[in-house]
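Student: after the sequence you'll find the predicted model.
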Number of protein chains: 2
Amino acid sequence: MRILVTGAAGYLGSALVRALAHEAGADDRLLLTDRVTPADPPRGARVELGEIDDPALHERLFATPIEAVFHLAGIVSGAAEADYGLGRRVNLDATLALLDRCRAQTVSGHMPVRFTYASSIAVYGVPLPERIDDDTEPRPTLSYGTHKRACELVIDDLSRRGLVDGRALRFSGVLVRPPLANGALSGFNSDLVREPLAGRDYVCPVSPESTIWVTSLERAIANLLRLAALDAGALGARRAVTTPSLALSVADVVAAVKRFDAEASRRIAYRADPRIEAQFGRWPLDCSFARALALGLRADESIDAIIRQHLETT
Amino acid sequence: MRILVTGAAGYLGSALVRALAHEAGADDRLLLTDRVTPADPPRGARVELGEIDDPALHERLFATPIEAVFHLAGIVSGAAEADYGLGRRVNLDATLALLDRCRAQTVSGHMPVRFTYASSIAVYGVPLPERIDDDTEPRPTLSYGTHKRACELVIDDLSRRGLVDGRALRFSGVLVRPPLANGALSGFNSDLVREPLAGRDYVCPVSPESTIWVTSLERAIANLLRLAALDAGALGARRAVTTPSLALSVADVVAAVKRFDAEASRRIAYRADPRIEAQFGRWPLDCSFARALALGLRADESIDAIIRQHLETT
């Protein structure tokens, strides 16, 4: 099976590539693409460098038919707000163009490509609902979330028509990310844990009462692989699933940090930015991930488990 | 003011152009585009023929800055189901490209274009909800409805950013249309009235118990103009509005036909197609158009009034 991973050099992408290489059978071939060379590509993987919105790159990627795509390349929330054109080209146009390539393969007689898409809980917008469950309407209020939602809709439609076999996982805040600034406005989720535990002062842009949804990198990747492996019949018509997440307050996170390092929590100060707090610090504690759980996806055990794992691997 | 109308030769488009010409001030300029020449363009209107997904056409249309767009060009439900690529190019890609032209105007210093978009109640999919009101989530299950919904989302986002001043009107079945087959699967709404009253037998593809949402052409255009004229502030963040419609059963329509011509209703036979009935004959009688009504949009008085008007003008 030929498996394409876009955004393969990224934080999620490189972890996904490691997991795929670990699982790969003798007949599996990994095709990786990103703007920069992935740090440590597995043996036998082919790497195609390029801009994800470049048709010439797509031409090279699909020169030989592909059976599965993990589409992770994207411009994250803050960067897409700052540069509309860039976000549009990468997050909407490039995704549509990749789906077109997959559709063309099906039309020419191949099995529909299993297209697994990294979506985001940013499909929900401001004001965030007081409860979010599988029946809550996504009403995005960021360009990032708008383009994610539009792609989810197109994936549902192409899957209904049998032109791709799509599925979309809406990621919540993945932590503990490295300090690399990629423009994700939800980055404070990770900073809040990483910075004080590394002995550095940290000014948090949301108040302690803020509430967030988080997942570990390990869980994020396990859920993505689980979703990709499901039979289309198990998914039905609605291909977008929200990743089961821990819903907790910033104060809860800080209390957990304190359990690992009593000093660390004193390094945190707060300077709440109302705009960041409205979109990124109002995730309802009243939430249900019933559909994802029924499909075998899982949330992390606890914030303590996430922090423990972070300390063990850094 | 320079006003662009796409789909200007169509059933809705030509009625809109007549209404705009009637309202136009001395400084208003109409720019009309379609694949075919509009039948009776008003004096002073400029006509640009072309395919709506052709960038060269867009270049010509936007050679001089435009203040308002009525974007009506589209591939309707049945035709978009039959030819995915055509529907995608026209209903999604071309709309995005027109919005890009408007955005480019704003970026270069013009006022945001007032972009009024002909959307559709096909943003709601199968199974149709038992109630539809302003809080009902659109879950399209046709490519046509998927692309309409994706464009609504992008219009909301561009409006939020001040890059266009968008608004979208979701049309219900407009009747009584002429017999021109343009591939609209909801065409039976009109056929049901027009054919028996013209003395012809008619086989209806949905059962008498089917329920439909309808509007007259006159109301459709009045509502579109009303929506286009509203201040952005009145609309707020959600720019898509469902046109107030008469919700009634096919049997109700047939009873009305009978009131005008006792013989006519005997010319109707039924051969229900479950797929057409599921999407086009299950519109809930339990519905609310509260938001549109609050904005000054109106439904027709009665099905009898629609039929009377049809008989007077044919």
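Tutor: Right, received. Where do you want to start? These numbers were taken from a predicted model, which means no experiment stands behind them. Residues are numbered from 1 along each chain as shown, chains lettered A, B, ... in the order given.
Student: center of chain A - which residue?
Tutor: residue A:171 (4.2 Å; CA atoms, centre = their mean).
Student: surely it meets residue A:120?
Tutor: Yes. Counting by CB atoms under 8 Å, residue A:171 does reach residue A:120; the two are 5.5 Å apart. (C-beta placed from N, C-alpha, C; glycine too.)
Student: before we move on, the earlier item: mind listing what the residue nearest to the centre of chain A touches?
Tutor: A:12, A:118, A:119, A:120, A:121, A:215, A:220, A:243 (CB atoms under 8 Å, 6 or more residues apart in numbering or on different chains).
Student: what's the most distant pair in those residues?
Tutor: A:12 and A:121 (14.3 Å; CB to CB).
Student: which of the three states applies to the residue in chain A that chain B sits nearest to?
Tutor: Closest approach between chain A and chain B, counting by CB to the nearest CB: residue A:137, at 3.6 Å. Of the three states, residue A:137 takes coil under DSSP: H, G, I helix; E, B strand; the rest coil.
Student: what of residue A:214?
Tutor: State at residue A:214, reduced to three classes by three-state DSSP: strand.
Student: neighbours of the closest residue to residue A:84 other than its chain neighbours, how many?
Tutor: Leaving aside its chain neighbours, residue A:84 sits nearest to residue A:143 (5.9 Å; criterion: CB to CB, 6 or more residues apart in numbering or on different chains). By other CB atoms under 10 Å in any protein chain shown, the residues close to residue A:143 number 27.
Student: now do residue A:275
Tutor: For residue A:275, the count of nearby residues is 11 (other CB under 10 Å).
Student: ok but it is inside a strand, no?
Tutor: No. Under three-state DSSP, residue A:275 falls outside any strand and is assigned helix.
Student: which of the contacts of residue A:171 lies closest to residue B:89?
Tutor: residue A:119 (24.3 Å).
Student: so what pairs up with the closest one in the strands?
Tutor: Listed beta-bridge partners, residue A:119: residue A:170 (assigned using DSSP bridges).
Student: that one contacts residue A:169, doesn't it?
Tutor: Yes. Counting by CB under 8 Å, residue A:169 is a contact partner of residue A:119 at 6.2 Å.
Student: common neighbours of the two, please.
Tutor: Common neighbours of residue A:119 and residue A:169 are listed as residue A:240 (criterion: CB under 8 Å, 6+ apart).
Student: going along the chain, name the strands of chain A.
Tutor: A:2-6, A:29-34, A:46-49, A:68-71, A:114-120, A:165-171, A:173-175, A:202-204, A:211-216, A:240-242, A:246-249, A:268-270 (DSSP state E).
Student: and the longest helix along chain A, average pLDDT?
Tutor: The residue-count maximum for a helix in chain A (DSSP state H) belongs to helix A:143-160. Averaged across helix A:143-160, pLDDT comes to 98.
Student: next one: that helix to chain centre, how far?
Tutor: Mean C-alpha position of helix A:143-160 versus that of the full chain (CA atoms, centre = their mean, to the nearest Å) differs by 14 Å.
Student: over to stretch A:97-111?
Tutor: Mean-position distance between stretch A:97-111 and its chain equals 24 Å (CA atoms, centre = their mean).
Student: what mean pLDDT does that stretch have?
Tutor: On average, stretch A:97-111 scores 97.
Student: and the contacts of that stretch?
Tutor: The contact list for stretch A:97-111 (CB under 8 Å, 6+ apart) reads A:6, A:53, A:55, A:58, A:61-62, A:65-67, A:69, A:71, A:112-113, A:115, A:151, A:154-155, A:158, A:162-166, B:84.
Student: filter these to the buried ones?
Tutor: A:6, A:53, A:58, A:61-62, A:66-67, A:69, A:71, A:112-113, A:115, A:151, A:154-155, A:158, A:163-166, B:84 (16 or more other CB atoms under 10 Å in any protein chain shown).
Student: break chain A into its domains for me.
Tutor: A:2-172+A:215-242, A:174-213+A:245-285+A:301-313 (automatic domain parsing).
Student: of the ones you listed, which shows the lowest average pLDDT?
Tutor: domain A:174-213+A:245-285+A:301-313 - the lowest mean pLDDT of the domains of chain A, at a mean of 93.
Student: number of nearby residues for residue A:178?
Tutor: For residue A:178, the count of nearby residues is 10 (other CB under 10 Å).
Student: how close does the residue nearest to residue A:84 get to residue A:13?
Tutor: Noted for residue A:143: a distance of 22 Å to residue A:13, by CB to CB, to the nearest Å.
Student: for residue A:31, same thing?
Tutor: Taking CB to CB, one finds residue A:31 at 12 Å from residue A:13.
Student: which neighbours do the two share?
Tutor: Common neighbours of residue A:31 and residue A:13 (criterion: CB under 8 Å, 6+ apart): residue A:5.
Student: what does chain A have sitting close to chain B?
Tutor: Contacts of chain A with chain B, taken as CB under 8 Å from any CB of the partner chain, map to A:84, A:92-93, A:96, A:103, A:135, A:137-143, A:146, A:149-150, A:153-154, A:156-157, A:160-161, A:163, A:237-238.
Student: give me the buried subset of those.
Tutor: By 16+ other CB under 10 Å, the residues of chain A next to chain B give A:84, A:92-93, A:96, A:103, A:138-143, A:146, A:149-150, A:153-154, A:156-157, A:160, A:163 as buried.
Student: isn't residue A:180 right up against residue A:11?
Tutor: Yes. Counting by CB under 8 Å, residue A:180 touches residue A:11, with 7.4 Å between them.
Student: who's more crowded, these two?
Tutor: residue A:11 (18 against 10).
Student: out of everything not next to it in sequence, what's closest to that one?
Tutor: Leaving aside its chain neighbours, residue A:11 sits nearest to residue A:177 (5.8 Å; criterion: CB to CB, 6+ apart).
Student: give me the neighbour count for that neighbour.
Tutor: For residue A:177, using other CB under 10 Å, the count is 20.
Student: over to residue A:145?
Tutor: Residue A:145: 27 neighbours (other CB under 10 Å).
Student: list the contacts for it?
Tutor: Counted by CB under 8 Å, 6+ apart, residue A:145 has contacts A:77, A:120, A:122, A:123, A:124, A:125, A:138.
Student: please repeat the previous calculation with a cut-off of 7 Å.
Tutor: A:120, A:122, A:123, A:125 (CB atoms under 7 Å, 6 or more residues apart in numbering or on different chains).
Student: mind putting those into TSV with neighbour count?
Tutor: Converted to TSV, those look like this (neighbours: other CB atoms under 10 Å in any protein chain shown):
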residue	neighbour count
A:120	28
A:122	28
A:123	26
A:125	21
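Student: farthest pair in these?
Tutor: Once CB to CB is applied, the contacts of residue A:145 give A:120 and A:125 as the farthest pair, at 11.4 Å.
Student: show the backbone phi and psi for the closest residue in space to residue A:56 that isn't next to it in sequence.
Tutor: Leaving aside its sequence neighbours, residue A:56 sits nearest to residue A:50 (CB to CB, 6+ apart; 7.2 Å). Here is the backbone geometry of residue A:50 (degrees, to the nearest 10): phi 170, psi 170.
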